[in-house]
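sequence and predicted structure are below.
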Amino acid sequence: MQILELFGQFLYDLRTRKLRVFLAVSGIAWGALSVILLLAIGDAFHAASNKAFHGMGESIVILWTARTTKPYAGMKPGRSIEMKADEVLRMGSEVDEIGMASPELTHDGRTLEFGGHRVKAAVAGVIPEYEQPRNMIPMPGGRFLDPLDIEGRSRVIFIGNELKTKLFGDTDAVGHTLFVDGRPFTVIGSLTKKIQTSNYSGPDEDRAFIPYTTFISMWGNRDVSNTVLVPATPGDSEAMKRAVYRHLGRRMGFDPQDEAALQMWDTVEMDRFVNWFFWGVKALMGLGGILTLGAGGIGVANIMFLVVRERTREIGVRMAVGARDSDVLAQVLLEALLIVFIGGFLGFVTAAGVIAGINALPIPDWLGAPQLSPTVALVTVAVLAVVGLAAGYAPARRAASMDPVRALEF
């Protein structure tokens, strides 16, 4: 019965205060729309940025050798540190903190030719284990390198998707023979298109990969351009980096405390920073929406104060015939919540339409497609509940604390 009375009173207020109720509901709807859209867009951009950043690899550390800056064992500073492919593989097997170590030997500007098409591209010599941490996902029907390719110094090649398009167009490249600096190689696979915003030797889509043993036999160069490392314990790159300094310092004769002797790009640490950065951005965007919703809540509070004032005598009559303070409090508070949640519902419906409209547009991959996720919905509902309670509590408390005698005199 009280629920029916509440709805009846709400409809009466709606008829008698159309403009005020409309403005209050519109303010809540706009605030809910702002919260949902800002959080959904923030989530989409965060997810797309993570995906693009991880296009280069998952939890990897890129290692380059440099020059010493400290004297060590009678040797002067300024010595150049150079690593061979065998040294990288030995380090990977001897250092427990390393899960995978791949030498990467790179020659830029190699000539790749097929069917009259000729392009210049970087060619890298790597090992099969390089595939997963570097997200070298082959197109269906193809593959990456395998141990037999390494052992047999096979002339096989895995090419980036853009490189494949330049040389083969829409034709399937697998099984065809292309020439690298005039030497024949069999194409074993091409890269699945991926979003990649980070790289260290150019985008993978424009590179080619061959067995490192074949690379050495072709060009006679055993010096690695860089090394790709994966921690044995996921996410624990710091322990691995310290172990690498100790191992290479002992093997190559430099002070393990000489950090300048090696250069490392720790994507684990950078990934952590990027995630915190985007959480901060989303919190800031969400705060903007919440403030907008709070402004709508002020409008609801004003409406309820006006309702309480105009119904002072009615409230006095109810209290005089036995209505408890909690009954009066609940009536005013529930009416405020009803206004807030009607506005919130309209905001949800509008936001869903806007998000569907955005996703119908040609959105760039780096921006991401916003979604009305359960997390965003729960956050919005929670904020709406807080705003409704905050907007209705003060007017409800005022109504419940009235003196019935003085209310009847109003």
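That came in fine, so what should we check first?

all the strands of the chain, residue numbers only.
Across the chain, reading from the start of the chain, the strands by DSSP state E fall at 61-65, 98-114, 117-126, 156-159, 177-180, 183-190, 207-211, 226-231, 262-266.

could you list the low-pLDDT ranges of the protein?
The model of the chain has pLDDT under 70 over residues 1-20, 52, 289, 293, 295-333, 364-367, 388-410.

so what are the domain limits for it?
The record assigns the chain these domain ranges, following automatic domain parsing: 2-53+272-408, 82-253.

now do the helices in the protein.
Counting by DSSP state H, residue ranges of the helices within the chain are 2-16, 18-53, 85-94, 147-151, 161-168, 212-219, 237-252, 267-310, 312-320, 325-359, 374-400, 404-408.

of the strands of the chain, flag the one that's most buried.
For the strands of the chain, average neighbour numbers computed from mean count of other CB atoms under 10 Å are highest in strand 156-159, which has a mean of 27. (Each C-beta comes from the backbone N, C-alpha and C, glycine too.)

chain center to that one, what's the gap?
Averaged C-alpha coordinates place strand 156-159 at 31 Å from its chain's average position (CA atoms, centre = their mean, to the nearest Å).

repeat for stretch 337-356
Here the centre of mass of C-alpha atoms in stretch 337-356, compared against the chain's by CA atoms, centre = their mean, lies 26 Å away.

likewise stretch 79-95?
34 Å.

how about that stretch, which residues are buried there?
Neighbour counts over stretch 79-95 (16 or more other CB atoms under 10 Å) mark Arg79, Ile81, Met83, Ala85, Glu87, Val88, Leu89, Met91, Gly92, Val95 as buried.

pull the residues that contact it.
65-68, 98, 100-103, 105, 125, 127, 212, 216, 222-224, 227, 240, 243-244, 247-248, 251-252, 254, 261-262 (CB atoms under 8 Å, 6 or more residues apart in numbering).

next, the contact list for Gly368, please.
Ala44, Phe45, His46, Ala47, Ala48, Ser49.

kindly reformat the strands of the chain as JSON lines containing distance to Ala336.
Listed next are these as JSON lines, based on distance: least, CB to CB, whole Å:
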{"stretch": "strand 61-65", "distance to Ala336": "55"}
{"stretch": "strand 98-114", "distance to Ala336": "57"}
{"stretch": "strand 117-126", "distance to Ala336": "64"}
{"stretch": "strand 156-159", "distance to Ala336": "64"}
{"stretch": "strand 177-180", "distance to Ala336": "72"}
{"stretch": "strand 183-190", "distance to Ala336": "61"}
{"stretch": "strand 207-211", "distance to Ala336": "62"}
{"stretch": "strand 226-231", "distance to Ala336": "54"}
{"stretch": "strand 262-266", "distance to Ala336": "52"}
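
of these, which approaches Gly280 most closely?
Each of these was scored for nearness to Gly280 using CB to CB, and the closest is strand 262-266 (20.6 Å).

distance between the closest one and the chain's centre?
Between the centre of strand 262-266 and the centre of its host chain there is 23 Å, according to CA atoms, centre = their mean.

and for stretch 154-166?
Here the centre of mass of C-alpha atoms in stretch 154-166, compared against the chain's by CA atoms, centre = their mean, lies 29 Å away.

output that stretch as PDB, restricted to C-alpha atoms.
What follows is stretch 154-166, C-alpha atoms only, in PDB (Å, rounded to 0.1, in the frame of the first residue of the first chain):
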ATOM      1  CA  SER A 154      67.400 -24.300 -43.600                       C
ATOM      2  CA  ARG A 155      66.700 -21.500 -46.100                       C
ATOM      3  CA  VAL A 156      63.200 -20.800 -44.800                       C
ATOM      4  CA  ILE A 157      61.700 -17.400 -44.100                       C
ATOM      5  CA  PHE A 158      58.800 -16.000 -42.100                       C
ATOM      6  CA  ILE A 159      57.600 -12.600 -43.400                       C
ATOM      7  CA  GLY A 160      55.600  -9.700 -41.900                       C
ATOM      8  CA  ASN A 161      52.100  -9.100 -43.200                       C
ATOM      9  CA  GLU A 162      52.900  -5.800 -45.000                       C
ATOM     10  CA  LEU A 163      56.000  -7.400 -46.500                       C
ATOM     11  CA  LYS A 164      53.800 -10.200 -47.800                       C
ATOM     12  CA  THR A 165      51.400  -7.800 -49.400                       C
ATOM     13  CA  LYS A 166      54.200  -5.900 -51.100                       C
END
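
list the contacts of that stretch.
Contacts made with stretch 154-166 from outside it, assessed by CB under 8 Å, 6+ apart, are listed as 112, 117, 119, 121, 123, 136, 138-139, 142-145, 148-149, 167, 173, 178, 180, 183-193, 203-211, 214.

same deal with stretch 173-183?
For stretch 173-183, contacts defined as CB under 8 Å, 6+ apart pick out 110-114, 123, 141-142, 155, 157, 159, 164, 167-168, 184-190, 208, 210, 218.

the same query, at a cut-off of 7 Å, please.
110-114, 123, 141-142, 155, 157, 159, 164, 167-168, 184-190, 218 (CB atoms under 7 Å, 6 or more residues apart in numbering).

quick one on the thing from earlier: now, which of the buried residues of stretch 79-95 sits nearest Leu346?
The shortest approach to Leu346 among the buried residues of stretch 79-95 belongs to Gly92, at 59.4 Å (CB to CB).

who are the neighbours in contact with Gly109?
Contacts were defined as CB under 7 Å, 6+ apart; by that measure Gly109 touches Lys120.

returning to what we had before: in JSON lines, list the domains of the chain along with distance to Ile60.
As requested, the domains of the chain are arranged in JSON lines below (distance: least, CB to CB, whole Å):
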{"stretch": "domain 2-53+272-408", "distance to Ile60": "11"}
{"stretch": "domain 82-253", "distance to Ile60": "5"}
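
of all the ones you listed, which lies closest to Ala73?
Evaluated over the domains of the chain, closeness to Ala73 peaks at domain 82-253, with 6.3 Å, by CB to CB.

now do that closest one: distance from first to last residue.
11 Å (CA to CA, to the nearest Å).

tell me how far Phe144 lies from Thr165.
Relative to Thr165, Phe144 is positioned 19 Å away (CB to CB, to the nearest Å).

check Ala356 too.
The value you get for Ala356 to Thr165, if CB to CB is used, is 33 Å.

who has more neighbours out of these two?
Neighbour tally, Ala356 and Thr165, criterion other CB atoms under 10 Å: the higher count belongs to Thr165, 16 against 11.

for the more buried one, give its distance to Gly286.
With the distance defined as CB to CB, Thr165 ends up 41 Å from Gly286.
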